[in-house]
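>>> based on what follows, work out the 3D shape:
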Amino acid sequence: MGRLGEAFRRIGSETAYRLGYHDQEIAPKLMTLFKRPHAGRPFRHRVAPMPYFQRQMKPILNSLALLLITVAVSVANDKTVIRVGHFPNVTHAQGLVAHYLSRQGKGWFEARLGPDVEIQWFTFNAGPSAMEAIFAKSIELTYVGPGPALNAYAKSQTEEIRVIAGAANGGAALVIQPDENLKVPADFKGKKIATPQLGNTQDIACRAWLTSGGLRITQLGGDAQVLPTDNPDQLSLFQQKKIDAAWTVEPWVSRLENEAVGKVLVEEPDSATTVLVSSVKFLNEKRDLAKKFWQAHKELTDWILKNPEEAQKIVKSELLAETRSDMSAELIAHAWKRIIFTSEIPRASVQAFVANSQKAGFMKTAPDLARLFETP
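The predicted structure follows:
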């Protein structure tokens with residue numbers, strides 16, 4: 001049973017990978033199959049009594065067969081797979097809407113790229129992780145903040161990534177505790193400020209803002225502590241008053257306001273929050289598909305602008321699927337007001353991020369941006 005069990009595990013793993021997600025219902029069943037009913041240890045030479053075995057095998061094999069058929073059809077069709085990343089943030093509305101439609105079998109990009117193309121979606125908490133996935137060739141495209149995109153561009157000696165479109169401006173803010181008397185950077189001396197991830201767009205903006213006010217900020221400390229913290233954890237830490245502030249992005253800005261009585265101190269409404277990035281490899285090898293994806297992204301952005309209420313409903317549903325947190329329609333609408341969705345490449349904003357990255361110590365010299373922007 002050991003070799004058979006291992007074979008099924010490999011099949012299940014490969015199936016989940018090819019489908020681009022891990023089935024939350026089937027995975028526990030597969031674990032049950034290869035364990036004794038009560039002992040919690042793998043089978044070796046014994047088998048369960050026939051009635052128990054039959055009861056357990058039938059739904060598991062039915063589910064596994066369905067997954068294997070799906071994979072077999074995908075292989076038989078020899079589809080081109082395009083792997084795309086995004087974050088569970090309202091500022092990534094294009095990714096959220098398209099991911100939701102893919103789940104429903106009504107894929108926005110699939111319909112426009114053709115029947116021979118399969119879109120697989122991957123979610124990340126923040127930009128540096130998405131950029132590492134580009135470097136590892138695990139994804140071809142991703143929605144990401146301009147800060148990590150710029151840092152990845154410089155890190156790869158301008159060879160690995162290109163910004164092919166804008167996605168959203170605004171939607172990020174510095175939120176402080178309601179009882180804190182914090183107004184300017186100097187007031188944050190000795191304070192703790194959470195950001196989504198080291199080197200992400202909000203992290204860079206926070207460090208640059210504090211530095212511009214005369215504080216000495218390092219990656220490990222300095223005059224104030226900037227603490228990279230996942231967005232959901234920021235909320236709980238803020239509620240427990242274990243942090244003094246958070247520089248984050250929607251919907252977490254609105255959640256900090258509504259659920260923790262946070263006060264917004266700094267906003268940058270004209271600053272780019274999200275861009276669409278492609279790997280150079282994908283642009284060079286699949287330029288026709290890259291152009292179709294770029295065009296579909298522009299059309300999706302226009303649709304979101306023209307249909308905000310329907311888009312908000314979809315974003316709400318997809319955030320629930322990805323975060324297991326049911327955010328209210330009022331919260332999404334509140335967050336929406338801070339965001340400007342656009343497909344225009346934010347050249348001026350990215351240039352400002354160069355200065356911020358240098359202030360924050362993530363970039364010693366400004367890279368030549370001539371090759372960063374590219375329209376397929």
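>>> find the residue at the geometric middle of the protein.
F87 (1.9 Å; Cα atoms, centre = their mean).
>>> flag the shaky bits of this protein, pLDDT-wise.
1-77 (pLDDT under 70).
>>> in it, which spans are strands?
For the chain, applying DSSP state E gives strands covering 80-86, 117-123, 141-144, 161-170, 172-176, 192-195, 225-228, 245-249, 263-267, 272-279, 339-341.
>>> buried stuff in the shortest one?
Using 16 or more other Cβ atoms under 10 Å as the test for burial, strand 339-341 gives I339, F341. Any C-beta I mention is one placed from the backbone N, CA and C, and that applies to glycine too.
>>> what do you get for stretch 334-349?
Buried residues in stretch 334-349 (16+ other Cβ under 10 Å): H334, A335, W336, R338, I339, F341, T342, S343, I345, P346, S349.
>>> endpoint to endpoint, that stretch covers what distance?
End-to-end span of stretch 334-349 (Cα to Cα, to the nearest Å): 24 Å.
>>> likewise stretch 326-342?
Using Cα to Cα, one end of stretch 326-342 lies 26 Å from the other.
>>> for that stretch, report the contacting residues that lie outside it.
Stretch 326-342 is contacted by residues 90-91, 93-94, 166-171, 173, 250-251, 253-255, 257-258, 267, 269, 273, 301, 304-305, 308, 312-313, 315-316, 319-320 when judged by Cβ atoms under 8 Å, 6 or more residues apart in numbering.
>>> switch the cut-off to 6 Å
90-91, 166, 168-171, 250-251, 254, 301, 304-305, 312, 315-316, 319-320 (Cβ atoms under 6 Å, 6 or more residues apart in numbering).
>>> check stretch 83-102 too.
107-109, 119-124, 130, 139-143, 167-168, 171, 249-251, 273-274, 300, 304, 311, 314-315, 317-319, 322-323, 335, 339.
>>> with stretch 268-285 instead?
Applying Cβ under 6 Å, 6+ apart, the external contacts of stretch 268-285 come out as 91-92, 134, 140-144, 146, 149, 160-172, 290, 297, 346, 349.
>>> show me where the stretch 51-200 of the chain has its helices.
Here the stretch 51-200 of the chain has its helices, by DSSP state H, counting those that start in this stretch, at 93-103, 108-113, 127-135, 146-155.
>>> adding distance to A245, write these out as JSON lines.
Putting these into JSON lines (distance: least, Cβ to Cβ, whole Å) gives the following:
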{"stretch": "helix 93-103", "distance to A245": "26"}
{"stretch": "helix 108-113", "distance to A245": "37"}
{"stretch": "helix 127-135", "distance to A245": "20"}
{"stretch": "helix 146-155", "distance to A245": "19"}
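>>> same list, the ones you listed, but as CSV with mean neighbour count please.
Below are those laid out as CSV (neighbours: other Cβ atoms under 10 Å):
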stretch, mean neighbour count
helix 93-103, 24
helix 108-113, 18
helix 127-135, 22
helix 146-155, 26
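>>> ok so, going back, of the contacts of stretch 268-285, grab the buried ones for PyMOL.
Selecting only the buried entries of those in PyMOL, with 16+ other Cβ under 10 Å as the criterion:
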select buried, resi 91+92+134+140+141+142+143+144+146+149+160+161+162+163+164+165+166+167+168+169+170+171+172+290+297+346+349
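>>> what's near enough to touch the closest residue to P185 other than its chain neighbours?
Distances taken as Cβ to Cβ, 6 or more residues apart in numbering place G213 nearest to P185, at 2.2 Å, with adjacent residues excluded. Each residue near G213 by Cβ under 6 Å, 6+ apart is listed here: V184, P185, A186.
>>> the second one and R207 touch, don't they?
No. Counting by Cβ atoms under 6 Å, P185 sits too far from R207 to count as a contact (10.5 Å).
>>> which of the two has more neighbours?
The neighbour comparison of P185 against R207 (other Cβ atoms under 10 Å) goes to R207, with 28 against 20.
>>> do you know how far the more buried one is from E318?
31 Å (Cβ to Cβ, to the nearest Å).
>>> do W108 as well
Relative to E318, and taking Cβ to Cβ, W108 is found at 12 Å.
>>> what do you get for W303?
From W303 across to E318, the span is 15 Å (Cβ to Cβ).
>>> compare the two (neighbour count), which wins?
Under the criterion of other Cβ under 10 Å, the comparison of W303 against E318 puts E318 first, with 25 against 15.
>>> one step back: and which of the buried residues of stretch 334-349 is nearest to G190?
R338 (29.2 Å; Cβ to Cβ).
>>> just the CA coordinates of stretch 311-322, formatted as PDB?
Extracted C-alpha coordinates of stretch 311-322, given in PDB (Å, rounded to 0.1, in the frame of the first residue of the first chain):
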ATOM      1  CA  ALA A 311     -17.400  45.100  -9.900                       C
ATOM      2  CA  GLN A 312     -17.600  45.700  -6.100                       C
ATOM      3  CA  LYS A 313     -19.900  42.600  -5.700                       C
ATOM      4  CA  ILE A 314     -17.400  40.400  -7.600                       C
ATOM      5  CA  VAL A 315     -14.500  41.800  -5.600                       C
ATOM      6  CA  LYS A 316     -16.400  41.100  -2.400                       C
ATOM      7  CA  SER A 317     -17.000  37.500  -3.400                       C
ATOM      8  CA  GLU A 318     -13.500  36.900  -4.500                       C
ATOM      9  CA  LEU A 319     -12.000  38.400  -1.400                       C
ATOM     10  CA  LEU A 320     -14.200  36.000   0.600                       C
ATOM     11  CA  ALA A 321     -12.900  33.000  -1.400                       C
ATOM     12  CA  GLU A 322      -9.300  34.100  -1.000                       C
END
